[in-house]
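K.L.:
Got a sequence here, can you build the structure:
(one chain, ligands or ions: 1)
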Amino acid sequence: MLTTQQVATCDIVVFGGTGDLAMRKLIPSLYLRDRDGQLSSESRIIAVSRAGLDAAGYRDKVAAELPHFLPADTFDKQTIEEFLTRLHHVTLDVTSTEPWEEFAGLLSTDPDRVRVYYLASAPKLFGAICERLQRNGLVTPQSRVVLEKPIGTDLASARQINDEVGAVFSEEQIFRIDHYLGKETVQNLLVLRFANTLLEPLWRSASVDHVQITVSETVGVGNRIGYYDGSGALRDMVQNHMLQLLCLVAMEAPNHYDRDSVRDEKLKVLQALKPLTGHDVIRNTVRGQYSAGAVDGKSVPGYAEELDGDSSTTETYVALKAEVANWRWAGVPFYLRTGKRLDRRASEIVVQFKEIPHSIFPGIEDGVIPPNRLVIRLQPDEAVCLHLVTKAPGPGGLRMREVPLNLSFAETFDERLPDAYERLLMDVVRGNPLLFMRRDEVEAAWEWAEPILTAWEDSQTAPKRYASGSHGPAAATALIERDGRTWNDEE
Ligand code: BG6
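P.N.:
All right, here's what the predicted structure looks like:
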């Protein structure tokens with residue numbers, strides 16, 4: 001049984017409270033936490049938007065949309081009705097200089113409670129919102145601010161946002177969210193590595209051949225094209241989610257499971273990433289863009305058509321080869337790939353171990369026995385799977401078969417796996433930033449990612465096209481095969 005502890009009474013203010021993220025993730029996650037008794041009866045959720053709604057209008061909107069975003073077995077009409085009474089709405093234009101009287105009045109009823117300002121709005125507004133919160137006297141010692149990614153579009157803009165927000169909130173009050181860190185299987189990676197002794201001696205270049213990190217999506221960019229076209233897969237996925245996964249795989253054991261020990265170790269990995277610049281970028285990265293095709297048997301348009309025929313060099317796919325230049329990992333390639341409109345939805349980390357040094361089995365040559373692989377599947381069907389070679393049963397010679405030793409979360413545990421936002425939102429209220437990105441991490445990630453964007457721009461080449469519903473561009477297959485390796489594309 002999942003045990004939950006009630007968190008302190010709080011006001012959770014969501015800027016962008018009628019937007020996609022709020023309706024799809026934040027409000028449903030808060031509902032689920034409420035359902036499990038984690039929110040005190042006085043806690044409130046205050047949506048801020050330009051929608052011109054009153055509390056009743058917002059409650060109607062949430063009541064209509066919530067069931068679409070909740071697992072059917074968590075939908076409970078009575079709990080929803082109680083949850084709706086927590087909801088408030090304030091209409092604000094965050095760019096206006098008008099005093100925020102209504103909003104300040106609503107918050108003033110209990111100035112000592114924990115206040116969470118969740119900025120689910122355009123990052124260019126982060127600084128302005130914080131400045132106005134301060135000007136209106138709304139930043140209390142118990143306040144925290146949550147910044148949704150992307151934080152900036154390059155190093156300079158990330159620094160600027162960090163400076164502007166940092167002028168109002170202290171670093172301890174700033175929670176830079178990367179929802180991948182809230183995923184159960186991602187947290188499990190730390191447990192797997194540091195609560196077991198088995199893996200540690202093997203977790204290094206002496207035993208590991210290479211690491212693959214894949215986040216493959218079947219969805220296209222859909223109605224987010226306005227944001228996405230100015231971003232692309234490197235900024236949207238690699239600079240944050242994928243580098244965070246890489247950090248958790250590659251980091252040294254932190255001294256303690258606490259906010260700074262863990263984040264210090266992740267930072268060291270980011271700082272150890274070998275810079276990719278100029279020609280290295282061309283050789284070690286592939287960017288692609290989906291064209292028309294079929295996903296799950298349904299015809300879908302290409303990216304350019306979704307942009308109404310406008311040509312764009314925004315990448316919807318990236319594959320790259322990275323290196324962590326330190327004692328543990330020198331010479332071990334980390335292959336990363338992510339893309340939209342691919343043939344399958346799968347996020348996984350594969351740690352592939354080295355081949356056996358010599359085959360003792362008659363008739364079985366060196367290089368034929370498949371090397372061991374540890375596959376950590378983040379989604380769907382969360383699992384940790386160790387592929388070992390065993391003897392296939394039966395007489396008539398010695399045959400071998402690769403067999404998975406499968407720890408499936410669904411089969412092993414009865415509990416529902418909570419959504420990442422459920423965990424992370426409660427961590428914000430508790431004031432625990434361990435699973436959030438510190439300023440130096442975000443900036444180190446940009447420092448590594450930005451030269452890739454620059455080299456692509458300088459190359460004046462277009463992303464490689466790949467058909468929707470395919471594996472991605474052929475060049476991504478070539479990127480890994482040229483090293484004598486293959487992507488793990490097993491279902
Ligand atoms: C978001 C990206 O951060 O993560 C999206 O902006 C992407 O483009 C999403 O689709 C993927 O998250 P998940 O949890 O569905 O893997």
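
K.L.:
give the contact list for the closest residue to the ligand within the stretch 251-400 of the chain.
P.N.:
The nearest approach of the stretch 251-400 of the chain to the ligand comes at S347, 5.7 Å away (CB to the nearest ligand atom). C-beta here means a position set from N, CA and C on the backbone, and glycine is covered the same way. Listed by CB atoms under 8 Å, 6 or more residues apart in numbering, the contact set of S347 reads T214, V215, S216, R377, L378, Q379.

K.L.:
buried residues in the strand or helix carrying the second one?
P.N.:
In this assignment (DSSP states H and E), V215 forms part of strand 208-216. Of the residues in strand 208-216, V208, D209, H210, V211, Q212, I213, T214, V215, S216 count as buried by neighbour count, 16 or more other CB atoms under 10 Å.

K.L.:
strands paired with that strand, and their directions?
P.N.:
According to DSSP bridges, strand 208-216 has the following sheet partners: strand 333-339 (parallel), strand 346-353 (antiparallel).

K.L.:
which residues are contacting it?
P.N.:
Residues contacting strand 208-216 (CB under 8 Å, 6+ apart): 202, 237, 241-242, 245-246, 249-250, 332-339, 342-355, 371, 378, 472, 480, 483, 485, 487-488.

K.L.:
just stretch 174-187 next, same as before
P.N.:
With CB under 8 Å, 6+ apart as the criterion, stretch 174-187 contacts 25, 144-149, 151, 165-166, 240-241, 244-245, 248, 376-379, 382, 384, 409, 417-424, 427-428, 433, 435-439, 442.

K.L.:
Could you list which of these belong to strands?
P.N.:
Residues of those located in strands (DSSP state E): R144, V145, V146, L147, I376, R377, L378, Q379, V384.

K.L.:
Tell me the predicted confidence for the fifth one.
P.N.:
Same thing as I376. Here the pLDDT value assigned to I376 is 95.

K.L.:
check contacts around the spatially closest residue to it that is not a sequence neighbour.
P.N.:
Excluding the flanking residues, the one nearest I376 by CB to CB, 6 or more residues apart in numbering is I349, at 4.4 Å. I349 makes contact with L189, V211, Q212, I213, T214, L245, V249, V375, I376, L378, according to CB under 8 Å, 6+ apart.

K.L.:
was I right about Q289 contacting T316?
P.N.:
Yes: contact criterion CB atoms under 8 Å: Q289 and T316 qualify, at 5.2 Å.

K.L.:
Show me which of the two is the more surrounded one.
P.N.:
T316 (29 against 24; other CB atoms under 10 Å).

K.L.:
residues touching the closest residue to the more buried one other than its chain neighbours, list them.
P.N.:
The shortest distance from T316 to any non-neighbouring residue, by CB to CB, 6+ apart, is to K340 (4.6 Å). Taking CB under 8 Å, 6+ apart, we find K340 in contact with E217, T218, V219, G220, V221, A233, Y290, T316, Y317.

K.L.:
Which residue of this protein lies farthest from its centroid?
P.N.:
G396 (49.4 Å; CA atoms, centre = their mean).

K.L.:
measure that one to P463 for me?
P.N.:
Taking CB to CB, to the nearest Å as the measure, G396 falls 51 Å from P463.
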